[in-house]
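Chemist: no sequence for this one, just the structure:
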């Protein structure tokens with residue numbers, strides 16, 4: 001898109017293939033009632049396809065960005081009740097911390113890429129009874145300042161969502177806990 005609202009026009013341009021070299025290292029394990037997955041990653045991108053705007057905010061449409069980098073850590077942990085029966089009270093937590101940014105772009109420098117929150121996560125406490133009844137309480141959150149535009153002029157401060165769920169499982173309908 002180009003032009004100013006309401007006189008926008010569609011501009012066509014050819015795009016290069018985007019490519020990335022990504023490195024990951026992680027661990028998965030369990031010890032007693034605790035199990036975990038932790039992964040750290042780094043992706044170096046060339047020609048990443050992004051919807052960009054120029055320094056004044058005018059839409060440029062989909063373009064190949066200069067070099068970009070994606071860094072992050074993803075974690076998942078589960079703490080199960082020490083009770084011996086299979087109907088336990090697991091506590092699950094998931095979290096992601098990341099930094100996606102331009103690598104010395106001529107317009108955006110080392111700004112963060114828009115739309116990628118620095119921290120997201122969830123936590124849930126689940127109770128399952130041997131009769132099939134289950135109930136859970138949980139939280140999902142986005143934390144930190146998330147850039148709305150690649151120029152970093154506007155940010156979104158995040159949110160938290162609380163939820164409750166309950167139900168009943170039958171071996172005829174559900175074989176694995178959700």
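Modeler: Great, that's in hand. For clarity, every value in this text was computed on a predicted model and none was experimentally measured.

Chemist: do you know the pLDDT at the closest residue to residue 105 other than its chain neighbours?
Modeler: Leaving out its chain neighbours, the residue that sits closest to residue 105 by CB to CB, 6 or more residues apart in numbering is residue 66, at 4.3 Å. Every C-beta, even on glycine, is put in place using the N, C-alpha and C of the backbone. We have a pLDDT of 86 for residue 66.

Chemist: tell me how far stretch 151-166 lies from the chain's centre.
Modeler: Distance of stretch 151-166 from its chain centroid, counting by CA atoms, centre = their mean, to the nearest Å, is 12 Å.

Chemist: now do that stretch, average pLDDT.
Modeler: For stretch 151-166, mean pLDDT is 91.

Chemist: name the residues of that stretch that are buried.
Modeler: residue 151 (16 or more other CB atoms under 10 Å).

Chemist: what does stretch 93-113 rub up against?
Modeler: For stretch 93-113, contacts defined as CB atoms under 8 Å, 6 or more residues apart in numbering pick out 44, 50, 52, 54-55, 65-78, 116-124, 147, 150-152.

Chemist: and the residues you listed, which are buried?
Modeler: Of the contacts of stretch 93-113, these count as buried by 16+ other CB under 10 Å: 50, 52, 65-66, 68-70, 72, 74-76, 78, 116-118, 120-122, 124, 147, 150-151.

Chemist: quick one, what contacts the residue nearest to residue 105?
Modeler: Contacts of residue 66 by CB under 8 Å, 6+ apart are 102-106.

Chemist: go on, residue 71?
Modeler: Residues in contact with residue 71 (CB under 8 Å, 6+ apart) are 41-43, 98-100.

Chemist: just grab the bridge partners of it for me.
Modeler: residue 42, residue 99 (DSSP bridges).

Chemist: where in the protein is pLDDT low?
Modeler: Scanning the chain for pLDDT under 70 picks out 1-12, 53-57, 60, 82-90, 172-178.
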